[in-house]
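Asker: Sequence first, predicted model second:
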Amino acid sequence: MHIQPMTLYDFLRLNVNARGDYLWEHGVFLAHGGDQVGPSAFYQLHDFYVEVVFDLEFNTIISVVPLKEGDRYERLV
């Protein structure tokens, strides 16, 4: 039985914890980055990318954001 990969829109419907769980299991790490918001990590997940932004002071994840285009995508490429 073939399981369909999650789409970007399905991923957006998940809460941040479920996004993280799914990403750690199915994503492929690409690169570290960062900006004024904080350090980040980029992953490929099926046919889109995901940026995970961290808060090092509190050792937490600020956001898990899927993307295909835009400013965040431009930082990746």
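Answerer: In hand now; what should we look at? Numbering: from 1, shown residues only.
Asker: Flag every buried residue along the helix or strand harbouring Ser40.
Answerer: Assigned by DSSP states H and E, Ser40 belongs to strand 39-45. Buried residues in strand 39-45, counted by 16 or more other C-beta atoms under 10 Å: Ser40, Ala41, Phe42, Tyr43, Leu45. Bear in mind the C-beta positions are built from the backbone N, C-alpha and C, glycine included.
Asker: What of stretch 11-26?
Answerer: Neighbour-count burial for stretch 11-26 [16+ other C-beta under 10 Å]: Phe11, Leu14, Arg19, Gly20, Tyr22, Leu23.
Asker: Now flag whichever of those residues is closest to Ser63.
Answerer: Arg19 (9.3 Å; C-beta to C-beta).
Asker: The closest one in helix, strand or coil?
Answerer: At Arg19 the chain is in helix, as set by DSSP: H, G, I helix; E, B strand; the rest coil.
Asker: Can you give me the separation between the closest residue to it other than its chain neighbours and Leu12?
Answerer: Excluding its sequence neighbours, the residue lying closest to Arg19 (C-beta to C-beta, 6 or more residues apart in numbering) is Val64, at 4.2 Å. According to C-beta to C-beta, to the nearest Å, Val64 and Leu12 sit 10 Å apart.
Asker: One more: Phe58?
Answerer: Going from Phe58 to Leu12 by C-beta to C-beta gives 25 Å.
Asker: Ala18 now?
Answerer: For Ala18, the distance to Leu12 - C-beta to C-beta - is 11 Å.
Asker: Then Asn59?
Answerer: Asn59 is 25 Å from Leu12, by C-beta to C-beta.
Asker: ok so, going back, quickly name whichever of the buried residues of strand 39-45 is closest to Val53.
Answerer: Checking the buried residues of strand 39-45 against Val53 by C-beta to C-beta gives Ser40 as the nearest, at 4.6 Å.
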